[in-house]
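Participant: Test case, fold it:
(one chain, ligands or ions: 1)
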Amino acid sequence: MPQRSQGQGVPSDHTGSPSASASLDPQDWPSFRAQGHRMLDDILDYLEHIRERPVWQPMPGDVREQFRAELPVAPSELSAVHHQFMRHILPYSNGNVHPGFVGWVHGGGNAAGMLAEMLAAGLNANLGGRDHSGVEVERQIVEWMRQLFGFPKTASGLFVTGTSMANLIAVLIARDAALGFDVRRAGVAASTKRLTAYASVAAHESLPKALDCCGLGSDALRLVPVDHRHQMNLAALKRMIESDRRAGFTPFLVAGTAGTVDIGAIDDLDGLAAIAHQERLWMHVDGAYGALGILTPEIAPRLAGIEGADSLAFDFHKWGQVPYDAGFVLVRDGELHRKAFASAAAYLARETRGLAARSPWPCDFGPDLSRGFRALKTWFTLKVHGLDALGDSIARTCQLARYLEQRVAETSELELLAPVQLNIVCFRYCSVDADRVNARIVMDLQESGVAAPSTTRINGALAIRAAITNHRTNSSDIDALVDATLALGRALAAQVDVEDPQLEAVLHD
Ligand SMILES: Cc1ncc(COP(=O)(O)O)c(C=O)c1O
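Facilitator: Numbers count the residues shown, from 1 in each chain. So this is what the prediction gives:
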């Protein structure tokens, strides 16, 4: 542990009062401003010329060492720290700004959203509550989302980190509504009811995690089988609910998915809404990336029924292209939402005027008290680009998925592993040792800097998964992915290194 420097009391001016120069503000604003402009130029250059860079590159050992440094007790020049950023951080980023990034389901961000994030940091607003413009911007987005998804005027909404958190919030509200809000004080152990929830086997892992975090246990989430298009089998759902009721359980929630993480399937949300209504279940929709498909006429009809949900979780940072992070939860009954999280603390007293006015506040709708201004980068993104352009970029990613599907179909060395329904294509290079070969192809592709897909398993088979989410991706990126996959596949099929420990780790993960 480095020693703090000694003998530095609070600096004071000649009157003996603490001096203004002791603040952390720049001593020399003009040079700070010039440095700030250089930083802005560098990051705009990065965005403008992103295609000239590798999609991703591994961080060399000596660069990684830079992040094992001593605590920075003494100050550094801003320009020096920026220089380190340019050398050691920027080149080794995630890569999802790059159009060749098709791994997982990552949005590409956008330049206007980035600038908004800088403005938000300047305001340093805390959106936990109180009466200020930041909270009004968030309320504006709640209202826009309420209209977009056809929720009633009673609805509430909240920005959160991502859909994992949004799913957790939805499950908590549903749990409290089922057990009574006294569960917040008494805990789930005090209840005699054994709650069960339902989602398809294709649901995201954040749902069992949400049940775990709610104290119900992940086993309480029953996994309903899917059909060949990965849509939840509704007849099986009904049978499972009946059987649980007979066994003394209390079914309380069903979660549909709009855009499954593996292949982009959309559950029959209308059908689910009917069952939820009949069985008196809370209907949640995990629409992490698929929900914003409502912005394109091609996908919107497939989301019919979403307007009947009790809660909806989705991310602006995926198909919405808002810079990370910008998750969102929309809840049909805002009063239930508030009752699940509001608490009384003397230091958070509400008033009828002044800064503490205009209750309820965002902190009454979720676990966070201090909250950043995620709403601003979302507000800028929606206003600067407009919903039509965002919808067009979503439609384009789906067209590119169909183009990739076609290229796979035309290439005898490649095979499609799942039907293409939105923007995700699961395929692989045909080979006798296909799991090993394709795992290796994906790692090699990522390290080549040409493309960055990820992997998943479809019916047990390892698939190359291209989730085309970035608004910058075009058909030349898809061609580059296919061509590089073929070149690597041909080279690898002949000589798979079965002793490769990295590959073994992936295969046994
Ligand atoms: C269907 C689905 N649900 C939930 C999540 C989790 O979202 P986040 O990573 O924003 O927490 C994802 C992430 O890809 C997803 O695809």
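Participant: Enumerate the residues of the stretch 151-300 of the chain near the ligand.
Facilitator: Residues of the stretch 151-300 of the chain found near the ligand (Cβ under 6 Å from any ligand atom) are 162-164, 204, 206, 257, 259-261, 286, 288-289. Where you see a C-beta, it was placed from the backbone N, CA and C, and this is true even at glycine.
Participant: Filter those residues down to just the ones in strands.
Facilitator: Those of these mapping onto strands are 257, 286, per DSSP state E.
Participant: Tell me the secondary structure of residue 96, please.
Facilitator: With DSSP: H, G, I helix; E, B strand; the rest coil as the basis, residue 96 sits in coil.
Participant: if we can go back for a sec, what's the farthest-apart pair in the residues of the stretch 151-300 of the chain next to the ligand?
Facilitator: Spatially, the most separated pair among these is 162 and 260, at 16.4 Å (Cβ to Cβ).
Participant: For these two, indicate the residue with more neighbours.
Facilitator: The neighbour count for residue 162 versus residue 260, taken as other Cβ atoms under 10 Å, is higher for residue 260 (28 against 20).
Participant: can you put the residues of the stretch 151-300 of the chain next to the ligand in JSON lines and add pLDDT?
Facilitator: Shown next, in JSON lines, are these (pLDDT from 0 to 100):
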{"residue": "162", "pLDDT": "98"}
{"residue": "163", "pLDDT": "98"}
{"residue": "164", "pLDDT": "98"}
{"residue": "204", "pLDDT": "97"}
{"residue": "206", "pLDDT": "98"}
{"residue": "257", "pLDDT": "98"}
{"residue": "259", "pLDDT": "97"}
{"residue": "260", "pLDDT": "96"}
{"residue": "261", "pLDDT": "94"}
{"residue": "286", "pLDDT": "98"}
{"residue": "288", "pLDDT": "98"}
{"residue": "289", "pLDDT": "95"}
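Participant: Looking at the residues of the stretch 151-300 of the chain next to the ligand, which is nearest the ligand?
Facilitator: The nearest member of these to the ligand, counting by Cβ to the nearest ligand atom, is residue 162 at 2.4 Å.
Participant: ok, the closest one to residue 334 distance?
Facilitator: Distance of residue 162 to residue 334, computed by Cβ to Cβ, to the nearest Å: 22 Å.
Participant: So which residues of the stretch 1-150 of the chain form strands?
Facilitator: Taking DSSP state E, counting those that start in this stretch as the test, none of the stretch 1-150 of the chain falls into strands.
Participant: and it, which residues reach the ligand?
Facilitator: residue 105.
Participant: Spatially, what comes nearest to whatever residue of the stretch 1-150 of the chain ends up closest to the ligand if we skip its sequence neighbours?
Facilitator: Residue nearest to the ligand within the stretch 1-150 of the chain (Cβ to the nearest ligand atom): residue 105, separated by 4.1 Å. Among residues not flanking residue 105 along the chain, residue 467 sits closest, at 4.6 Å (Cβ to Cβ, 6 or more residues apart in numbering).
Participant: what pairs with the one you found across the strands?
Facilitator: residue 424 (DSSP bridges).
Participant: Tell me how far the residue of the stretch 1-150 of the chain closest to the ligand lies from residue 204.
Facilitator: 10 Å.
Participant: Can you pull the residues that touch both of those two?
Facilitator: 261, 288 (Cβ atoms under 8 Å, 6 or more residues apart in numbering).
Participant: Looking at the two, which one has more neighbours?
Facilitator: Higher neighbour count among residue 105 and residue 204: residue 105, with 25 against 22, using other Cβ under 10 Å.
Participant: For the more buried one, give me its contacts.
Facilitator: So residue 105 contacts 261, 288-289, 318, 424, 467, 469 (Cβ under 8 Å, 6+ apart).
Participant: and these as a markdown table, adding neighbour count?
Facilitator: Formatted as a markdown table, these follow (neighbours: other Cβ atoms under 10 Å):
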| residue | neighbour count |
| --- | --- |
| 261 | 23 |
| 288 | 27 |
| 289 | 29 |
| 318 | 29 |
| 424 | 28 |
| 467 | 28 |
| 469 | 26 |
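Participant: hang on, isn't residue 319 packed against residue 395?
Facilitator: No. Using Cβ atoms under 8 Å, residue 319 and residue 395 do not qualify as a contacting pair, with a distance of 10.3 Å.
Participant: Residue 82: neighbouring residues, count only.
Facilitator: 18.
Participant: So residue 42 versus residue 79, what's the distance?
Facilitator: 11 Å.
Participant: Please apply the same query to residue 234.
Facilitator: Counting by Cβ to Cβ, the gap between residue 234 and residue 79 amounts to 61 Å.
Participant: go on, residue 57?
Facilitator: Distance, residue 57 to residue 79, by Cβ to Cβ: 25 Å.
Participant: next one: residue 365
Facilitator: 42 Å.
Participant: Give me the more crowded residue out of these two.
Facilitator: Neighbour comparison, residue 365 and residue 79: the larger count goes to residue 365, with 24 against 13 (by other Cβ under 10 Å).
Participant: right, and that one touches residue 341 too?
Facilitator: Yes. Counting by Cβ under 8 Å, residue 341 is a contact partner of residue 365 at 5.5 Å.
Participant: list the residues that contact both of the two?
Facilitator: residue 169.
Participant: Residue 306 is in contact with residue 292, isn't it?
Facilitator: No. Judged on Cβ under 8 Å, residue 306 makes no contact with residue 292 at a distance of 11.0 Å.
Participant: so who does residue 167 touch?
Facilitator: Here residue 167 is in contact with 204, 206-207, 210, 255, 284, 286, 313 (Cβ under 8 Å, 6+ apart).
Participant: still on that earlier bit, tell me which of the contacts of residue 105 is nearest to residue 445?
Facilitator: Nearest member of the contacts of residue 105 to residue 445, counting by Cβ to Cβ, is residue 467, at 14.1 Å.
Participant: Residue 317 - that's part of a helix, no?
Facilitator: No. Applying three-state DSSP, one finds residue 317 to be coil, outside a helix.
Participant: Contacts only, for it.
Facilitator: 107, 109, 162, 323-327.
Participant: 10 Å instead, please
Facilitator: Neighbour list for residue 317: 96, 105-109, 113, 161-163, 288-289, 323-328, 374, 377-378, 381, 469 [criterion: Cβ atoms under 10 Å, 6 or more residues apart in numbering].
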